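Undergrad: give me coordinates for this.
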Amino acid sequence: MTPSDCDGPSAAADLRALAAVHAALARDLRRLAAGTAPSPAALAAAPVVSHWRVGIRPVPALIGLVDGHPLLPRGPLTSSELIVLDRSRGFARTLSRWYVLGTAAEHRDG
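TA: Here you go, the predicted structure:
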């Protein structure tokens, strides 16, 4: 999933869709934590993955220097998955928390 750009023309619709996806995930995780497996109907409607394995895929993240993080010391940061980036209002939301955007890194070609 790519981060939603709050400055884009479809920002509100993108954010609503993203919220719905995350709300469904949160609901399912709460049910699993309570010991409730997916219903037979939910599994019957789910796609089948054959020849499956667990893989790793890169996701967008904020990379930079962080200050004021509740868990990490001041210094280099690679955040959790970047969900929302709003350059014009100066904030970002990752999977785990909000960030205030300071000065952006200079773009370098090649």
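Undergrad: mind checking the longest strand of the chain?
TA: Looking across the chain with DSSP state E, the single longest strand is strand 75-86.
Undergrad: pairing partners for the very next helix or strand once past that strand, with directions?
TA: Later in the chain than strand 75-86, the nearest helix or strand by DSSP states H and E is strand 91-94. The pairing partners recorded for strand 91-94 under DSSP bridges are strand 75-86 (antiparallel), strand 98-100 (antiparallel).
Undergrad: could you dump the ones you listed to TSV with mean pLDDT?
TA: Converted to TSV, the strands paired with strand 91-94 look like this (pLDDT from 0 to 100):
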stretch	mean pLDDT
strand 75-86	93
strand 98-100	95
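Undergrad: now the helices for the chain?
TA: Assigned by DSSP state H, the chain shows helices spanning 11-33, 40-45.
Undergrad: from Leu62, how far off is the residue lying farthest from the centre of the chain?
TA: Here the chain reaches farthest from its C-alpha mean at Pro40, the gap being 28.9 Å by Cα atoms, centre = their mean. Here the criterion is Cβ to Cβ, to the nearest Å. By it, Pro40 lies 41 Å from Leu62. Quick note: C-beta positions are derived from backbone N, CA and C, even for glycine.
Undergrad: could you do Glu81 as well?
TA: 10 Å.
Undergrad: give me the common contacts of these two.
TA: By Cβ atoms under 8 Å, 6 or more residues apart in numbering, Glu81 and Leu62 have these common neighbours: Thr94.
Undergrad: pLDDT of stretch 61-72, averaged?
TA: The predicted model assigns stretch 61-72 a mean pLDDT of 93.
Undergrad: re the thing from before, which one of the helices of the chain lies closest to Ala105?
TA: helix 11-33 (23.6 Å; Cβ to Cβ).
Undergrad: other SSEs contacting that closest one?
TA: For helix 11-33, the elements it packs on are strand 4-5, strand 75-86, judged by 3 or more Cβ pairs under 8 Å, 6 or more residues apart in numbering; DSSP states H and E.
Undergrad: sounds good, over and out.
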